[in-house]
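>>> my questions concern the predicted model and sequence given below.
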Amino acid sequence: MSNQSELNILKSEVGVEEGTEDLKDIIAPSAIKIAPYHIEIGNCFAKTFFIYTYPKYLHVGWFAPIVNMDLRFDAGIFVYPADSGKILNQLTKRTAQIQSSITDREEKGFVRDPMLETALENVESLRDKLQQGTERLFKVGVYITLYAINLKQLDKDSKQLETVLGSSLIYTKPAMFQEEQGFNSTLPLANDELFIVNSLNTSSLSTIFPFLSYELSSDEGILYGINRHNNSLILFDRFTLENANTVIFGKSGGGKSYAVKLEILRSMMFDSDVIVIDPENEYEFLCDSAGGSFVRISLNSDKRINPFDLPRPLSGEDQADVLRSSIIDLKGLFRLILGSMSPEKDSLLDQALYETYSLKGVTQETDWSDKTMPTMQDFIKILESMEGMESEVISLKKYTEGTFAGIFNEQTNIELNNQLMVFSIRDLEDELRPIAMYAVLNYLWNIVRSAMKKRILIVDEAWWMMQYEDSAKFLYSIAKRCRKYYLGLTVISQDVEDFLNNSQGKAIVNNSSLQILLRQSPASIDLVQQVFHLTQEEKYVLLESDVGEGIFFAGNKHVAIRVVASYQEDQIITSDPKQLLDIQRAKEEFEESLETD
């Protein structure tokens, strides 16, 4: 039989047909050469290292510099639980040996040895923790395979790896004469063919991982996104935490509004009322699609808000406290309009506000449920009768007689009668924006305090309010008090530095149980890293994230998130100008076709 015939018979026996290729043939290298110190795979060279010793103390995130190195490599980490009983017996013997050495030195009159005493203390501490169950012991193998286009580059990368780890007193060795086993151990096959391990307890082992938690989900709530670590779902109900406040930071175009609008749609399905302060009309299309009410606050609009409105006291709430609190909030609004004031004028302002309410029969003792509230015009009349407030009267008259007349000088004609309410302030002048945001927030806060209901209040571009001390304090006071009124405050800002450099801004962050960080700019990333205690790996995640990707914090846990919407949701909540134009064009074409028919 010829050689060709024998080859054909062999192919038929193993199921190989003439001229066919499978996936292995396509991805496999042309050849692999195994040398004592490296492996040659096609035109690439690889070399595997293993960690053989660790220092006494490991700092958190020590492996992050390796992960962030600009090198081609694969890493394998293998963790094997050790038998605690056997380890305890070994530690007991080790304790006896150290104590014996210490006693022997004392009998011979030698000075004490700090190294022996420290070793005894460490062993005893570990024994106690293992016995109490607060720590466990593991056998850990860490292998790193470097790849390079030639041996010279491979040697250079190897020295860099050894230097980075050596700076943390962590030392490596090449897998000499075991390069094949080392290469296989770092492939995504979960096969440890080297089995060169060290003993690490739970605390030491936890320092390897750049992220602190990988699971973040609950049995109830809405879908915020996909966990980028393991593709699990991030389901959460913000109202189950100690407070329902949320802060969202990200650079322009990072997907902040997209994520918030998605949360609005999904929260409404769980009977949450949603109120939005919209500086750029980004929520108008969502509002129309969801059947909400879109309220334009501008000089030309017929919608008005009276800053002097008072909330109805809840059952058991002291009426005098409600009036006092409202006057404090009003003083913040007028300081925002008038600027800083001396203590004397601040006292006169306080007196004028009480007299303005008293003019309409509203006092701490009377029932004001059926009273007509005063307006800015009434307040100015009181100020005109007070000596020393002449300049303040002149400044305020532009809100009753001048350029801004009417916007804050009429009775409120807005009702929160819809599940979704959006207040647009886009058409206001920049000078009026922070004042309008304060006035709208004050009005909404009075409504929230008048009736207990599950609500979400969203303040977009909150950096406008953080520019002024009084408006920043007012926003913080809402964040601090809203929990007892069943309200969740969401604060959104793209100017992270302006927000976090403000003491009130940091306090709002600290009083928010949910925090979402989306893509950040290099200019602000160091401040974000410092405030949120991010690792180097998490820092680079925020710098390199795509739109809608970032880090999701819930309490003490956090994971990398990718915000995902269905096609129907995406059509409603998108902020992409091109996509919005396409949707508008399709809508117009559809309406024209209906008219033609």
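Arrived safely.

>>> rest of the way, CA atoms for contacts and neighbours
Will do.

>>> what number of residues lie near residue 353?
22 (other C-alpha atoms under 10 Å).

>>> quick one, domains of the chain?
3-82+136-206, 245-305+412-563, 306-409, 566-597 (automatic domain parsing).

>>> please identify the deepest-packed of these.
Among the domains of the chain, domain 245-305+412-563 has the highest mean neighbour count (mean count of other C-alpha atoms under 10 Å), at a mean of 19.

>>> that older thread, and the domains of the chain as a markdown table, adding mean pLDDT?
As requested, the domains of the chain are exported to a markdown table (pLDDT from 0 to 100):
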| stretch | mean pLDDT |
| --- | --- |
| domain 3-82+136-206 | 85 |
| domain 245-305+412-563 | 88 |
| domain 306-409 | 86 |
| domain 566-597 | 79 |
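
>>> which strands or helices does the helix or strand containing residue 591 pack on?
Using DSSP states H and E, residue 591 falls within helix 577-596. Using 3 or more C-alpha pairs under 8 Å, 6 or more residues apart in numbering; DSSP states H and E as the contact test, no helix or strand touches helix 577-596.

>>> quick one: average pLDDT of the longest helix along the chain?
Longest helix in the chain, counting residues (DSSP state H): helix 84-107. Here helix 84-107 scores 81 as its mean pLDDT.

>>> distance from stretch 61-79 to the middle of the chain?
From the chain centre to the centre of stretch 61-79 is a distance of 24 Å (C-alpha atoms, centre = their mean, to the nearest Å).

>>> ugh, wrong one, stretch 255-272
16 Å.

>>> how close does the residue nearest to residue 506 when sequence neighbours are not counted get to residue 249?
Closest residue in space to residue 506, ignoring its immediate chain neighbours: residue 500 at 5.3 Å, by C-alpha to C-alpha, 6 or more residues apart in numbering. According to C-alpha to C-alpha, to the nearest Å, residue 500 stands 10 Å off from residue 249.

>>> same thing with residue 260?
Relative to residue 249, and taking C-alpha to C-alpha, residue 260 is found at 11 Å.

>>> same check on residue 442?
Counting by C-alpha to C-alpha - residue 442 and residue 249 are separated by 24 Å.

>>> re the thing from before, how about the domains of the chain, which one is nearest residue 228?
domain 245-305+412-563 (5.4 Å; C-alpha to C-alpha).

>>> how about the helices in the stretch 301-450 of the chain?
319-338, 343-359, 376-384, 390-396, 433-450 (DSSP state H, counting those that start in this stretch).

>>> please convert those to JSON lines, extending it with distance to residue 138.
Formatted as JSON lines, those follow (distance: least, C-alpha to C-alpha, whole Å):
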{"stretch": "helix 319-338", "distance to residue 138": "58"}
{"stretch": "helix 343-359", "distance to residue 138": "65"}
{"stretch": "helix 376-384", "distance to residue 138": "71"}
{"stretch": "helix 390-396", "distance to residue 138": "71"}
{"stretch": "helix 433-450", "distance to residue 138": "53"}
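
>>> surely residue 508 and residue 476 touch.
Yes. Counting by C-alpha atoms under 8 Å, residue 508 does reach residue 476; the two are 5.6 Å apart.

>>> contact partners for residue 187?
74, 76 (C-alpha atoms under 8 Å, 6 or more residues apart in numbering).

>>> which element, helix or strand, includes residue 472?
helix 469-481.

>>> spatially central residue for the chain, please.
Centroid-nearest residue in the chain: residue 516, 2.4 Å away (criterion: C-alpha atoms, centre = their mean).

>>> is that one in contact with residue 555, as I believe?
No. Using C-alpha under 8 Å, residue 516 is not in contact with residue 555, being 11.5 Å away.

>>> can you tell me the SS state at residue 489?
strand (DSSP: H, G, I helix; E, B strand; the rest coil).

>>> check contacts around it.
Counted by C-alpha under 8 Å, 6+ apart, residue 489 has contacts 244, 245, 246, 456, 457, 458, 459, 478, 479, 482.

>>> equivalent analysis for residue 519, please.
By C-alpha under 8 Å, 6+ apart, the neighbours of residue 519 are 250, 251, 254, 542, 543, 544, 545, 546, 547, 548, 549, 550.

>>> repeat for residue 368
Counting by C-alpha under 8 Å, 6+ apart, residue 368 has contacts 361, 362.

>>> how close does the residue nearest to residue 506 get to residue 493?
From residue 500 to residue 493 the distance is 10 Å (C-alpha to C-alpha).

>>> and the nearest residue to residue 142 once chain neighbours are set aside, how far from residue 71?
Taking C-alpha to C-alpha, 6+ apart, and ignoring the residues beside it in sequence, residue 142 has residue 77 as its nearest neighbour in space, at 4.6 Å. According to C-alpha to C-alpha, residue 77 stands 18 Å off from residue 71.

>>> just residue 564 next, same as before
Distance from residue 564 to residue 71, by C-alpha to C-alpha: 31 Å.

>>> do the same with residue 146
8 Å.

>>> what of residue 400?
Residue 400 is 67 Å from residue 71, by C-alpha to C-alpha.

>>> cool, residue 455 as well?
Between residue 455 and residue 71 the distance is 49 Å, computed by C-alpha to C-alpha.

>>> over to residue 288?
50 Å.

>>> next one: residue 363
The separation that residue 363 has from residue 71, given C-alpha to C-alpha, amounts to 72 Å.

>>> what sits against residue 113?
By C-alpha under 8 Å, 6+ apart, the neighbours of residue 113 are residue 102.

>>> buried residues in the longest helix of the chain?
Buried residues in helix 84-107, counted by 16 or more other C-alpha atoms under 10 Å: 84, 88, 91, 94, 95, 98, 99, 102.

>>> residues making contact with that helix?
111-113, 116-117, 119-120, 123-124, 127, 130-131, 136-137.

>>> what inclination does the next helix or strand after that helix have with respect to helix 84-107?
Going down the chain from helix 84-107, the next helix or strand is helix 114-132, by DSSP H and E. Per axes from the mean of the first three to the mean of the last three C-alpha atoms, to 10 degrees, the angle that helix 114-132 makes with helix 84-107 is 150 degrees.

>>> circling back to that earlier point, so which of the contacts of residue 519 sit within helices?
542, 543, 544.

>>> need the next SSE after the host helix or strand of residue 267, C-terminal direction.
Using DSSP H and E, residue 267 maps to helix 256-268. With elements assigned by DSSP H and E, the helix or strand that comes after helix 256-268 is strand 273-278.

>>> can you show me the helices along the stretch 151-300 of the chain?
151-166, 179-185, 202-206, 256-268, 284-289.

>>> closest one to residue 314 among those?
Of all the helices of the stretch 151-300 of the chain, helix 256-268 comes closest under C-alpha to C-alpha, at 25.0 Å.

>>> what sits up against the closest one?
222-224, 248-250, 274, 282-283, 286, 290, 419, 492, 518, 548, 563, 565, 569, 573-575.

>>> mind running it again at 6 Å?
By C-alpha atoms under 6 Å, 6 or more residues apart in numbering, the residues outside helix 256-268 that reach it are residue 573.

>>> and what of stretch 407-419?
Residues beyond stretch 407-419 that count as contacts (C-alpha under 6 Å, 6+ apart) turn out to be 273, 299, 304, 305, 306, 375, 376.

>>> now do that stretch: distance to the chain's middle.
34 Å.

>>> distance between the ends of it?
Note: stretch 407-419 ends 25 Å apart using C-alpha to C-alpha.

>>> same deal with stretch 495-510?
Per C-alpha to C-alpha, the first residue of stretch 495-510 is 18 Å away from its last.

>>> who touches it?
463, 476.

>>> again, but for stretch 156-172
50, 51, 52, 53, 54, 55.

>>> sorry, back to before: what does the residue nearest to residue 142 show for phi and psi?
phi -120, psi 120 (degrees, to the nearest 10).
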